[in-house]
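# could you work out the structure for the sequence below:
(chains A and B)
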Amino acid sequence: MKTNMVGAINNALDLAMAENPDVVLLGEDIGKDGGVFRVTDGLQAKYGEGRVMDTPLAESVILGSSIGMAMSGLHPVAEIQFAGFMFMGFGQLINHAARYRSRTRSSRTVPMVVRTPVSGGVRTLEHHSDSPETYYSHIGGLIVVEPATPYDAKGLMIKALHMQDPVVFLEPTKLYRLFKQEIPDEMYEVEIGKANVVSEGSDLSIITYGTMLNIVKDVVEKKKVSADVIDLRTINPLDEKTIIESAKKTGRVIIVHEASLSFGAGAEVAARIAEKAIFELNAPIMRVASASLPYPYPGYENFYIPNALKISKAIDKIMSE
Amino acid sequence: MHKVVFDGSVEYVQVMDENGNIDPALFPKEVTDDTILTMYRWMSLLRALDAKTLSLQRQGRAVTYAPSLGEEATQIGSGMAMREQDFFVPNFRQHGVYLVRGFPLDRLITYWRGYEEGTQMPDGFKGFPYIVPVASQMPHASGIAFAQKYKKKDAAVVAYVGDGGTSEGDFYEAMNFSGVFKSPLVAIIENNQWAISVPRSKQSAAVTLAQKGFAAGVKCVQVDGNDVIAVYKTVRDAIANAGDGPTLIECVTYRMSMHTTADDPTKYRDQAEVELWKKRDPVDRIRKYLTSKGLWNESMESKMQEEQLKQVDDAVELSEQFKPDPKSIFENVYSFMPQTLKDEYDDAVSNNFWQG
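As a prediction, the model looks like this:
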């Protein structure tokens, strides 16, 4: 089928629900309305109100009751309407979803998926454009994924629903309908914890994910540089092997993400490269990211998010070293 | 136009008064002398465990401990009201519920000695681990209850929260969620009058904590939480009706000891209040009843205390035989071991960091 990311995730949920009667969906406005981005469109009509549930408007209990359901034989998929509202239930994820397996020595496990739209670039109101991936990655126990293509979105969702772990599934709003892709109709998995080498080159490595992937690809094509472009796909656990191999091969690394610079995923990637490959680098590691400040109102977002020019100049700089 | 659109009232239930006198109209028929003797033995065992763990903490053999002294009737009464198939979700103080539901005593002590193996649930155990962040267990309970209904199981979920916990958003969110989905949840407020140093009067302006159920459309009732028979009866009835939706039960009891071993209650509360509640002691009350019926005497008491002391001592000994393995903290984070985590583990082992 040829579909965008919204259709790909919808299809993944549909297949998973058909396969496993314990998969249930819950969230705000996900039933008749199909979610504010229509990701769950048609699923309540197909599977009934008992399996696709509009909940009261309360993020903490959406996440907390999902934890309870997950420990009782269900595999819930909770939708949080926007990543900025997920902080209302942050404690449930950090204090509980991440810890139950460990603190019960695997006698209580939390197989669940939390879906939420992330990142900006689509002129939304405040609190609708956050990129919160590192908050959920800093504590062990949660898996954090962020697809950048319809193919990966479907495969990662199906894989997440075949695992017995809590998965934070971040969906870049800007990519929901940006482009369509031919993807298999049937079920398939994309491995979690495995980065995708989108294109291979010899001069530098650009490590990115989410909204920045397409911009990076465009810049690399236009500049005709020979670059490894790596889409992390999973933020935690990190595919260190792919990252280090590429860094050693090219000797130059730029990390690009939309989340703000300080303490971002780029810092983690850079540190690991510094620890394991620093003597094989030809230039200092560079990071391209949003400024270290809260996401501004939409009128200012173009001054905040890294653009093609910023990435292009970083490439010029690293290639001149 | 003016009219009343909602009118609610909260009933208070007491079956046995402070002196051990029974209200025959409310006394549950199925409660036999044996049932009451069993209740008494559990309450005494809980008191023995409490004293032992407290002394372990004072000797540096246990970590910070939250005593249950004074709250035995609420815990044992509700624990015994549960059926085989029912689940419970505690906060951090319901040691008595674990005992009644058959949790290994040594494992309970292992938790208070600071090891996750203490909250490893035995296979088939119908309960969940202690939860420390106040009221955050209530959403879990609402999800567990939802799942019972979804899977068409005849099981209820009994969840515990303190008086302070009813001020948390998670408490209300869970009650509201369970009300909407009519989940088989029995939520028990173990109102022990004190949230560390903050008294019940400063926790809420509501006359009862039970009435908070009204805002969520949930049935609510207040019980003498030091009357084990009233607690038993009320929880049993709520479980029997759980198919129709949740019930909120406020058990009015008293924390006769500290919040945890990390605070000194004489700093923030009046000893006269403690003396008042000593007269309402849940364990004394039921012993008075049993003695007056000729079912209990001093020699039975001393024999039981000796046996229970040994039972607790044996459990401590068994717990202290447990040898912690640091590998277990790495192995139970995910359903698999990520390579990056494995690297951290291997680094520690190969460099003998844990030998230092």
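# give me the element the residue nearest to A:Tyr135 when sequence neighbours are not counted is part of.
Leaving out its chain neighbours, the residue that sits closest to A:Tyr135 by C-beta to C-beta, 6 or more residues apart in numbering or on different chains is A:Phe90, at 7.3 Å. C-betas here are computed from N, CA, C, even on glycine. Secondary-structure assignment from DSSP states H and E places A:Phe90 in helix A:90-91.
# and the next helix or strand past that helix?
helix A:100-103.
# now do the helices in chain A.
A:5-19, A:43-47, A:59-70, A:90-91, A:100-103, A:133-137, A:150-161, A:212-223, A:240-250, A:265-277, A:301-304, A:308-320 (DSSP state H).
# could you identify which of the ones you listed is most buried?
helix A:59-70 (a mean of 29; mean count of other C-beta atoms under 10 Å in any protein chain shown).
# give the rounded mean pLDDT of that helix.
The pLDDT scores in helix A:59-70 average 98.
# name the helices or strands packed onto it?
Contacts defined by 3 or more C-beta pairs under 8 Å, 6 or more residues apart in numbering or on different chains; DSSP states H and E place helix A:59-70 against strand A:23-27, strand A:75-79, strand A:112-118, helix B:137-150, helix B:169-181.
# and of those, who's closest to B:Trp42?
helix B:137-150 (22.6 Å; C-beta to C-beta).
# show me what the next helix or strand after the closest one is packed against.
Per DSSP H and E, the first helix or strand lying C-terminal to helix B:137-150 is strand B:157-162. When contacts are defined as 3+ C-beta pairs under 8 Å, 6+ apart, strand B:157-162 packs onto helix B:72-81, strand B:87-89, helix B:137-150, strand B:185-191.
# relative to the whole chain's centre, how far out is the third one?
Put plainly, it is helix B:137-150. In this view, helix B:137-150 has its centroid 17 Å away from the chain centroid, taken as C-alpha atoms, centre = their mean, to the nearest Å.
# run the angle between that helix and strand A:112-118 for me.
Interaxial angle of helix B:137-150 relative to strand A:112-118 (axes from the mean of the first three to the mean of the last three C-alpha atoms, to 10 degrees): 120 degrees.
# what packs against helix B:137-150?
Judged by 3+ C-beta pairs under 8 Å, 6+ apart, helix B:137-150 is in contact with helix A:59-70, strand B:87-89, strand B:157-162, helix B:169-181, strand B:185-191.
# can I get those in JSON lines with distance to B:Asp106?
Shown next, in JSON lines, are the helices and strands packed on helix B:137-150 (distance: least, C-beta to C-beta, whole Å):
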{"stretch": "helix A:59-70", "distance to B:Asp106": "28"}
{"stretch": "strand B:87-89", "distance to B:Asp106": "20"}
{"stretch": "strand B:157-162", "distance to B:Asp106": "23"}
{"stretch": "helix B:169-181", "distance to B:Asp106": "32"}
{"stretch": "strand B:185-191", "distance to B:Asp106": "25"}
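# nearest to A:Thr149, of these?
Closest among those, once you apply C-beta to C-beta, is helix A:59-70, at 26.5 Å.
# just give the number of residues close to B:Pro122.
Each residue near B:Pro122 was counted by other C-beta atoms under 10 Å in any protein chain shown, and the total is 11.
# now it: closest residue in space, sequence neighbours ignored.
B:Pro104 (6.8 Å).
# next, the distance between the ends of stretch B:188-200.
With C-alpha to C-alpha, to the nearest Å as the measure, the first residue of stretch B:188-200 is 16 Å from its last.
# in that stretch, what counts as buried?
When neighbours are counted by 16 or more other C-beta atoms under 10 Å in any protein chain shown, the buried residues of stretch B:188-200 are found to be B:Ile188, B:Ile189, B:Glu190, B:Asn191, B:Asn192, B:Gln193, B:Trp194, B:Ala195, B:Arg200.
# go on, stretch A:282-301?
In stretch A:282-301, counting by 16+ other C-beta under 10 Å, buried: A:Ile285, A:Met286, A:Arg287, A:Val288, A:Ala289, A:Ser290, A:Tyr295, A:Pro296, A:Pro298, A:Glu301.
# check which helices and strands the lengthiest helix in chain B is in contact with.
Determined from DSSP H, the single longest helix within chain B is helix B:33-58. Using 3+ C-beta pairs under 8 Å, 6+ apart, the elements in contact with helix B:33-58 are helix B:72-81, helix B:95-100, helix B:105-112, helix B:228-240, helix B:282-292, helix B:298-320.
# can the helices and strands packed on strand B:157-162 go into CSV with extra columns for distance to A:Thr173?
What follows is the helices and strands packed on strand B:157-162, written out as CSV (distance: least, C-beta to C-beta, whole Å):
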stretch, distance to A:Thr173
helix B:72-81, 47
strand B:87-89, 36
helix B:137-150, 27
strand B:185-191, 35
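# dump those into JSON lines; add mean pLDDT and distance to B:Gly169 as well.
Shown next, in JSON lines, are the helices and strands packed on strand B:157-162 (pLDDT from 0 to 100; distance: least, C-beta to C-beta, whole Å):
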{"stretch": "helix B:72-81", "mean pLDDT": "98", "distance to B:Gly169": "24"}
{"stretch": "strand B:87-89", "mean pLDDT": "98", "distance to B:Gly169": "17"}
{"stretch": "helix B:137-150", "mean pLDDT": "98", "distance to B:Gly169": "10"}
{"stretch": "strand B:185-191", "mean pLDDT": "98", "distance to B:Gly169": "15"}
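# now for these, which one comes closest to B:Asn176?
Closest approach to B:Asn176 among the helices and strands packed on strand B:157-162 (C-beta to C-beta): helix B:137-150, 8.9 Å.
# got the angle for that closest one vs strand B:157-162?
Put simply, helix B:137-150 runs at 170 degrees to strand B:157-162, going by the same axes, to 10 degrees.
# quick one, helix B:137-150 and strand A:75-79 angle?
Using the same axes, to 10 degrees: helix B:137-150 against strand A:75-79 is 120 degrees.
# quick one on the thing from earlier: please convert the helices of chain A to a markdown table, extending it with distance to B:Asp33.
Listed next are the helices of chain A as a markdown table, based on distance: least, C-beta to C-beta, whole Å:
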| stretch | distance to B:Asp33 |
| --- | --- |
| helix A:5-19 | 54 |
| helix A:43-47 | 53 |
| helix A:59-70 | 38 |
| helix A:90-91 | 47 |
| helix A:100-103 | 41 |
| helix A:133-137 | 56 |
| helix A:150-161 | 54 |
| helix A:212-223 | 73 |
| helix A:240-250 | 67 |
| helix A:265-277 | 65 |
| helix A:301-304 | 74 |
| helix A:308-320 | 81 |
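# stretch B:321-330 near chain A anywhere?
Yes: Stretch B:321-330 comes into contact with chain A (C-beta under 8 Å from any C-beta of the partner chain), by way of B:Ser328, B:Ile329.
# what does that stretch rub up against?
Applying C-beta atoms under 8 Å, 6 or more residues apart in numbering or on different chains, the external contacts of stretch B:321-330 come out as A:102, A:105, B:106, B:110, B:115-117, B:337, B:341-342, B:344-345, B:348, B:354.
# of all the buried residues of stretch B:188-200, which two lie farthest apart?
Most distant of the buried residues of stretch B:188-200, by C-beta to C-beta, are B:Ile188 and B:Trp194, 17.1 Å apart.
# just to revisit the earlier point, to B:Leu209, which of the helices of chain A lies closest?
Nearest of these (C-beta to C-beta): helix A:59-70, 19.0 Å.
# specify the angle between that closest one and strand B:157-162 in degrees.
Using the same axes, to 10 degrees: helix A:59-70 against strand B:157-162 is 140 degrees.
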